[in-house]
Structure formats: structure tokens, C-alpha cells
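Sharing a model that was predicted from the sequence below.
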Amino acid sequence: MGEGRAEDDTARTDWPGLMRLGLGVLRLPPDAFWAMTPAEFRHALEGAGLVPLGGGALGRDRLAELMAAFPDHAPMAQQQ
């Protein structure tokens, strides 16, 4: 019971987006990022003011907003 759900959740997880938040925005060292539980990561995002305190799970829409607000690279116009 429930074995398929873990695989489904993993397939739907936006690992690149979570890595951008953890490693890029929060500036966590990789070993600290990978050692965190989902709850610890959530608290770190809350502490940084990136998600509301005590809110629900980080959904796709909010993740997209954060990715737009904190892109990996500056837009090309700003780099010149």
C-alpha cells in the first residue's frame, strides 16, 4: 500500500527548482541541502520570507513565482 505514491511524488518533484532555491537563493552548501528533510527545507524557506509562515505545501504556482523572482541568471539585457 502506498508504494506507487512515492514514485509518483518523486516524478512530479521539480528537483531543479528546489535545488535553485536551496543552493542558489538560500545559499545552502550541497551537503546541508541534501541532508535536510522536506519539513526543514520548508522552515528554511519560511525563515527567509520566501513562503508564508505555516502555509500549505509549496505548490507549483508559488515555486514558479519564486523562480521568476530569483532567476539563476540575470536577463541578457542586464548582463551587457
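Cool, the structure landed.

Do you know the pLDDT at E7?
Reported pLDDT at E7 in the predicted model: 54.

which residue is nearest the centroid of this structure?
Compute the mean C-alpha point of the chain, and by Cα atoms, centre = their mean the closest residue is L18, 2.9 Å away.

element containing that one, please.
In this assignment (DSSP states H and E), L18 forms part of helix 15-19.

Name the next helix or strand downstream of that helix, please.
Counting by DSSP H and E, what follows helix 15-19 is helix 30-35.

so after that following helix, what's the next helix or strand?
Counting by DSSP H and E, the element after helix 30-35 in chain order, helix or strand, is helix 38-47.

Restrict the following helix or strand past that next one to CA atoms and write it as PDB.
Next along the chain after helix 38-47, taking DSSP H and E as the criterion, comes helix 60-69. Only the C-alpha atoms of helix 60-69 are listed here, as PDB (Å, rounded to 0.1, in the frame of the first residue of the first chain):
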ATOM      1  CA  ARG A  60       3.800  24.700  -8.500                       C
ATOM      2  CA  ASP A  61       2.400  28.200  -8.800                       C
ATOM      3  CA  ARG A  62       4.400  29.500  -5.900                       C
ATOM      4  CA  LEU A  63       7.500  27.700  -7.000                       C
ATOM      5  CA  ALA A  64       7.100  29.300 -10.400                       C
ATOM      6  CA  GLU A  65       6.700  32.800  -8.700                       C
ATOM      7  CA  LEU A  66       9.900  32.200  -6.700                       C
ATOM      8  CA  MET A  67      11.800  31.000  -9.800                       C
ATOM      9  CA  ALA A  68      10.700  34.200 -11.700                       C
ATOM     10  CA  ALA A  69      11.600  36.400  -8.700                       C
END
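
Thanks again, I'm all set now.
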